[in-house]
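**Student:** the following comprises the amino acid sequence and a computationally predicted model.
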Amino acid sequence: MTQVDWPHQEVQKLYGNRIRVRVCGLCREGDQLLMVRHQGLGPTNTFWSPPGGGIQFSERAADALVREFREETGLDVDISGMLFVSEFVQPPLHALELFFAVAIKSGSLKLGYDPEMSPDRQLIDAVKWMYFDEIKEYPVQEVHHVFQQCKSLDEVFQLRGYLL
């Protein structure tokens with residue numbers, strides 16, 4: 001396995017060809033949104049999305065979101081409410097994603113980790129605050145599809161219902 005291929009192969013092995021239920025947190029600070037960049041996703045091997053991840057068996061969605069935020073960003077969050085459900089289909093991945101608004105309770109922002117991965121082979125390679133215009137500058141295949149439906153950060157937080 002080459003250095004370039006391992007992220008795609010690892011994503012396929014861990015998450016591919018099954019339907020997952022995920023939680024995602026929209027965390028806003030002023031005019032910026034907290035985003036996480038993953039390797040191994042999409043045609044360019046780069047994918048920006050809000051922090052989040054899979055719900056484990058017997059774990060409540062809210063608990064999963066708090067855990068995922070801590071793992072990926074080092075931040076503890078309070079959940080303000082559920083906003084919408086998104087269906088993410090980008091073979092080999094298929095997920096139903098529950099999006100929540102969250103607020104920082106404590107902690108300092110830092111690059112987190114995927115506990116499923118070895119320390120030297122992490123999918124998460126960046127965590128940063130981004131302005132909406134900065135998010136929209138990326139090619140559509142490198143950013144979560146919910147941002148294609150909005151023209152501003154305010155619109156993201158107004159999304160409701162079930163999004164394809």
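**Tutor:** Right, received. Where do you want to start?

**Student:** helices of the protein, residue ranges please.
**Tutor:** Assigned helices in the chain, in chain order: 6-15, 61-73, 132-137, 153-158 (criterion: DSSP state H).

**Student:** right, and those - which one's nearest Glu87?
**Tutor:** Glu87 lies closest, by Cβ to Cβ, to one member of the helices of the chain: helix 6-15, at 15.1 Å. The C-beta positions use only the backbone N, C-alpha and C, and glycine is treated the same way.

**Student:** low-confidence regions, the protein specifically.
**Tutor:** Filtered on pLDDT under 70, the chain yields the residue ranges 1-17.

**Student:** for stretch 37-47, the distance to its chain's centre please.
**Tutor:** Taking Cα atoms, centre = their mean, to the nearest Å, one finds the center of stretch 37-47 at 12 Å from the center of the full chain.

**Student:** how far does it stretch from one end to the other?
**Tutor:** 5 Å (Cα to Cα, to the nearest Å).

**Student:** list the buried residues in that stretch.
**Tutor:** Within stretch 37-47, the residues scored as buried using 16 or more other Cβ atoms under 10 Å are 37-42, 46-47.

**Student:** if we can go back for a sec, highest mean neighbour count out of the helices of the chain?
**Tutor:** helix 61-73 (a mean of 20; mean count of other Cβ atoms under 10 Å).

**Student:** distance to Val21 for the helices of the chain - can I get that in CSV?
**Tutor:** As requested, the helices of the chain are exported to CSV (distance: least, Cβ to Cβ, whole Å):
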stretch, distance to Val21
helix 6-15, 12
helix 61-73, 8
helix 132-137, 24
helix 153-158, 21
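
**Student:** nearest to Gly30, of those helices?
**Tutor:** Nearest of those (Cβ to Cβ): helix 153-158, 9.4 Å.

**Student:** need the contact partners of the closest one.
**Tutor:** 26, 28, 31-33, 83, 101, 131-132, 146-147, 149-150 (Cβ atoms under 8 Å, 6 or more residues apart in numbering).
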